[in-house]
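Engineer: Predicted structure and sequence below. I'll ask about it afterward.
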Amino acid sequence: MAKDDYVPLFETRPFKGRILFRLFAASIFVGICFICIYRVRFLPEEGKVERWTWIGLFLAELWFSFYWFLTAVCRWDSVYRLPYKDRLSQRFDKELPGVDIFVCTADPLIEPPSLVINTVLSVMAYDYPPEKLSIYLSDDGGSDLTFYAMLEAATFSKQWLPFCKKFKVEPRSAEAYFRTAFEPREDPVKAREWLSVKKLYEDMKMRIETTTKLNRIPEDIRKQHKGFREWDFVSSKHDHQTILQILIDGRDPNAVDVEGRPLPTLVYLAREKRPQFHHHFKAGAMNALIRVSSRISNGPIILNVDCDMYSNNSESIKNSLCFFMDEEKGDEFAYVQYPQNFENLTKNELYGGSYRVIQKLEFPGLDANGGPCYIGSGCFHRREALCGKKYDKDCKVDWKRLHERKVKESASVLEETCKVLASCTFEQNTQWGKEMGLTYGCPVEDVITGLTIQCRGWKSIYLMPQREDFLGVSPTTLLQMLIQHKRWSEGHLQIFLSRYCSLLYGHKKIPLKLRLAYCPYNLWGANCLATLYYVAVPCLCLLRAISLFPKTSSLWVLPFAYVAFAHRAYSLGEFLWCGGTFQGWCNDQRMWMFKRTTSYFFGFFDTILKLLGYSKAAFVITAKIADDEVLKRYEQELIEFGATSPMFDILATLAMLNLFSSLGAIKKVILEADHSKVLDLFGLQILLCLLLVTINFPVYQALFFRKDNGRMPSSSVDGTLSTGFLTKTGSLKGALCWVPDDGHLILVCMCLKVLALVVDQLDYGDNICGAVLSIRFNEDILSVWNRNVSDHQAVMALRDSIKRHLKLPHSYVMEYKPHDASLRDNSSYRKAWLRG
Ligand SMILES: O=c1ccn([C@@H]2O[C@H](COP(=O)(O)OP(=O)(O)O[C@H]3O[C@H](CO)[C@@H](O)[C@H](O)[C@H]3O)[C@@H](O)[C@H]2O)c(=O)[nH]1
Ligand SMILES: [Mn+2]
C-alpha cells in the first residue's frame, strides 16, 4: 500500500481535564511541603516519648506523600484508544491471523467445570473465522470431571455457535446469556429453536453438575471417549503424566457444526505433574500451552483468559487486531490488555472489587507512558514477544505468510508427539520461565512478564471499549478478598525487591514515567507500616494526652486539613466520575484500610521471610463459588466475617483500639473543665479517631450485634470483648492465644507484644487502657475439651502458654464456652478471669 493511502486502524486520544488535575496536584504538593515544615519546626524536645511518636508520624506522612507522588505520575498524561474494526475487515478479511486462546483452570472444586466450559464456549463463539481459532484449556487440576465437561462443551458447541450467529447472541457464555435473555416471541419457529437450544444447554449443565457432585465419572460415560483411559494412570493432581486430547480438530472436514460450518480447534491439556518438580502455577501452565499450541496451530496471536472470565464481547479479537495489524505502528505492540470487570459485584461494591479508578484512570495513564502492565486475564499477546523475542524496528510482519498453516500430522499423532512439550523435564536447562514465556517465581507472574516484555523494547496497549469485554467472578467474602490481595501485594513487592524492580531494570529501556508508574502497585504491600502506625498511634497518644497535630486555632491546621480533605474529596470525585456510587466509595475506602492493615501486612512480612529464605512460594487460588447463605448476605451487602483468621484478629483489635480511644477522648472532653482547650489541642486527633470508628462500624456490628453466621466468630468476639474487661482491670500486660499450626499468628503475637510494650511504656494507670488485644481460642483448647479434661485445666494450660510465650509477668484468660454445641454440653459456661 502506498504511504498516502494509509488509513490507521486505530486512533489515540488524550484525556481531557489534565490541566485541572495538574493544578490540583500542585496545590496538594504545596500542602505537603507545609506539613513537612510543621513537623520539623515543632519537633518535641529530646528525651521525651513524644519525640519518637512524632518522628514516627512524620515518617508515615513522608511515606504517604511519596506514594501520592507515584499515583500522581500515573495520572499525569492519559490516553484512550479507538480501534476501527471495519477498516480491518475491509483490508484484511482474507489474511486474518490464527488466534490461539488459552484458558487456565486449576481445581474442579473451587472452579467448577460448568463455569470453565462457559468461558470456553464464549471464546469458541468469537466473531472470527473458526478455522483460524484454536482454544486450549490447561487443567492444572488434572481432573476427569473437567475433561468430561469439555467433551460436553465440544458437542454442545455444534449447536451453540450457529445459534450465536443466528440470534446475534451477546454475551456468548451460554450461562450468562440464558440467565437474562428471553425467547424471541414474534416468530414461533425461531422461538422453538431458541427454546430447544436453551433446553440442550440446561440438560448439559445438569449432567456436568451431577458428575461434579458425584465427584466421579460413571462407567458408561467413561466408555464413550478414549481420553478417559488416561485417568487409569493418574494417581493424584500432583502426580500424573501429560494428558493431551484434541477434542475438535479444526482441520478435520467432519468437524462441523449443525449447519456444516467448520468448528474451531479445541484441545484439553493437563501438563505432567510430579511431586519432585515445581510446577510454577499459572505461569508454568501458560508456558506448557505456548509450546503445545506452537505445534498444533501456532497462531501468531495468543489470548489468555482465566477460567472464570468469559468473553462478553464477540468482537474483541478484531478490535485487538486493529493494533497488531496497523501498518504503521502495529509491529511495535506486544500485547493488548483489556480491563478485568466482574459481573458479581454488588451495587455498592462491598469489597471494593471494581478497581474502577485503577482501570479507568490509572491504566490509561500507564498507556500514555509506554503501555499498561499485563494483568493476566483478558490479554492478547503477540506470540513472538511472549516467547522472548526482542523488538526489532526493522522487522516487518507479513500477516499473509503467517496465516498459512503447515501442520500435516493427524490429531492422534500430534497428541503423542506434543506430550513431551508439557513434561516436567522439558524446561530443564532452557530459558523457559526466564527469558522465554511467562517468568517464574512470582505470584503475579503476569506483571513481571509484562515488564520484561516492555523492557525488550515492545509497547503495549490498554483497550477499554464501552462494552465490558471480559467478565469474571470477584471474591464474595472478605477473607477471600483479603487473601487475594495478600497474594497480589506480595507478588508486587517481590518484583520491587528483585532484580526486576522497574526503577532499575527498566533503566534506559522504558520511559522514566512508566518505571515510576509501576511503583504504586509494586509498593502496595509497603503501605502497611505507615498505615498501621497512622491508625494505631495517634489514638494511643490521645489517651496519653500527647498531641500530634497542630492546634485547631493555629494556622498550621490548614495544610493538614487541606491535604486530608481535598485529597479525599478528589478521590471521591474520581470514583463518581468512573461510575461508582457514594456508598461504593465509602466501601472502597474501608477496604483500602482493611487491606493495608491485614493483606499488605502479611504480604509484606511473607515477602521479607521469602527473601530470607524462610518461606516458600505459594499460590492460593481464589474460590469462584460460595454457599447460598453466604451469597445471600453478600447480595445484602453484609460484610462476611464468618471465619477465624489472624487477619480478622487484627481488624477487630484495631477497631477496638479506635473505639476505646474515642471514648477516652470524649470522656476527657466532658470531664475537663475547659472543653475548648482539649478540643483545641486534640481536635484533629479526635477527628481522626472518630473517622476510624466510623470506618470500622461494620466491625463492631460483626463483633457485638450480628446474629447471622457472617458475624465475627465467637472466639474472636470473646477475645475482643475481653479487651473491655482487661482495660477495666487497669494496667495490662498482654494476652493472646497461640495457634501452633498457623505461622501468621506468630506475626500477630509480635505485633500484640509491641502494642503491649507501647501501652506499658506509656503507662495509663487506671485510665481506660487503649491496648486492645484479641484472644482467640485455638483448636488446641477445643481438643483439650474434647478429651474431657476439665475446663479449668485447659484454661490454665492456655494461660501458662501465653505467659511463657510473651514472657509476661501476668496474663489473663477468659474461660470460654465452645462454639460447637456438642462440646458445649460437657463444659460449664463460666466467664471469669483468671490471673496468673
Ligand atoms: O497452579 C495454578 C494456579 C492458578 N491457575 C489459574 O490461574 C488463574 C488465576 O487464578 P485465580 O485464583 O483466579 O487468581 P486471581 O487473583 O483471581 O487472578 C488474578 O491474579 C493472577 C495473578 O496473581 C493472574 O494470573 C490472573 O490473571 C488475575 O486475574 C485461574 O484461572 C487459575 O485456574 C493455574 O492455572 N494453575
Ligand atoms: Mn480469578
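Structural biologist: Arrived safely, thanks for sending. Numbering: from 1, shown residues only. Ligands and ions are numbered 1, 2, ... in the order given.
Engineer: Going by C-alpha atoms from here, please, whenever you check contacts or count neighbours.
Structural biologist: Fine.
Engineer: And this protein, what are its domain boundaries?
Structural biologist: Here the domain assignment for the chain is 3-83, 95-340+375-474, based on automatic domain parsing.
Engineer: how about those, which one is nearest ligand 1?
Structural biologist: Minimum separation from ligand 1 across the domains of the chain (C-alpha to the nearest ligand atom) falls at domain 95-340+375-474, 3.2 Å.
Engineer: so, in contact with ligand 1 or not, the closest one?
Structural biologist: Yes. Residues of domain 95-340+375-474 contacting ligand 1 under C-alpha under 6 Å from any ligand atom: 104-106, 140, 281-282, 285, 306-307, 375-377, 443-444, 446.
Engineer: any idea of the mean pLDDT for that domain?
Structural biologist: Domain 95-340+375-474 shows a mean pLDDT of 95.
Engineer: about what we covered before: dump the domains of the chain into JSON lines; add distance to residue 571 as well.
Structural biologist: Shown next, in JSON lines, are the domains of the chain (distance: least, C-alpha to C-alpha, whole Å):
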{"stretch": "domain 3-83", "distance to residue 571": "11"}
{"stretch": "domain 95-340+375-474", "distance to residue 571": "20"}
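Engineer: Just name the most buried of those domains.
Structural biologist: domain 95-340+375-474 (a mean of 20; mean count of other C-alpha atoms under 10 Å).
Engineer: ends of that domain, how far apart?
Structural biologist: The first residue of domain 95-340+375-474 is 38 Å away from its last residue (C-alpha to C-alpha, to the nearest Å).
Engineer: What about the residue of the stretch 601-750 of the chain found nearest ligand 1, how many residues nearby?
Structural biologist: Of all residues in the stretch 601-750 of the chain, residue 621 sits closest to ligand 1, at 3.3 Å by C-alpha to the nearest ligand atom. By the criterion of other C-alpha atoms under 10 Å, residue 621 has 16 neighbours.
Engineer: can you confirm it is in a strand?
Structural biologist: No. Counting by DSSP: H, G, I helix; E, B strand; the rest coil, residue 621 is not part of a strand but coil.
Engineer: residues touching it, list them.
Structural biologist: Listed by C-alpha atoms under 8 Å, 6 or more residues apart in numbering, the contact set of residue 621 reads residue 106.
Engineer: about what we covered before: in helices, which of the residues of domain 95-340+375-474 next to ligand 1 appear?
Structural biologist: Counting by DSSP state H, the residues of domain 95-340+375-474 next to ligand 1 place 281, 282, 285, 446 in helices.
Engineer: Reformat those into TSV and put distance to residue 327 next to each item.
Structural biologist: Shown next, in TSV, are these (distance: C-alpha to C-alpha, whole Å):
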residue	distance to residue 327
281	37
282	33
285	33
446	28
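Engineer: Tell me where the stretch 201-350 of the chain has strands.
Structural biologist: Counting by DSSP state E, counting those that start in this stretch, the stretch 201-350 of the chain has strands at residues 243-248, 265-270, 301-306, 310-311, 333-337, 341-342.
Engineer: if we compare those, which one ends up closest to residue 177?
Structural biologist: Closest to residue 177 of the strands of the stretch 201-350 of the chain, according to C-alpha to C-alpha: strand 310-311, at 11.2 Å.
Engineer: quick one on the thing from earlier: nearest to residue 505, of the strands of the stretch 201-350 of the chain?
Structural biologist: With respect to residue 505, and counting by C-alpha to C-alpha, the nearest of the strands of the stretch 201-350 of the chain is strand 333-337 at 18.4 Å.
Engineer: Name the residues that touch that closest one?
Structural biologist: Residues contacting strand 333-337 (C-alpha under 8 Å, 6+ apart): 320, 323-324, 372-375, 378-382, 385-386, 453-454, 458-463.
Engineer: ok, now which ones touch residue 643?
Structural biologist: 479, 710, 712, 713.
Engineer: Would the helix or strand containing the first one count as contacting ligand 1?
Structural biologist: If I follow you right, that is residue 479. Using DSSP states H and E, residue 479 maps to helix 478-497. Yes. Applying C-alpha under 6 Å from any ligand atom, one finds helix 478-497 in contact with ligand 1 at 484, 488.
Engineer: Just the mean pLDDT for the very next helix or strand once past that helix, thanks.
Structural biologist: As assigned by DSSP H and E, the chain's next helix or strand after helix 478-497 is helix 502-505. The pLDDT scores in helix 502-505 average 96.
Engineer: Give the buried residues for the following helix or strand past helix 502-505.
Structural biologist: Note on helix 502-505: by DSSP H and E, the next helix or strand toward the C-terminus is helix 512-522. The neighbour-count check on helix 512-522 (16 or more other C-alpha atoms under 10 Å) flags 513, 514, 515, 516, 517, 518, 519, 520, 521, 522 as buried.
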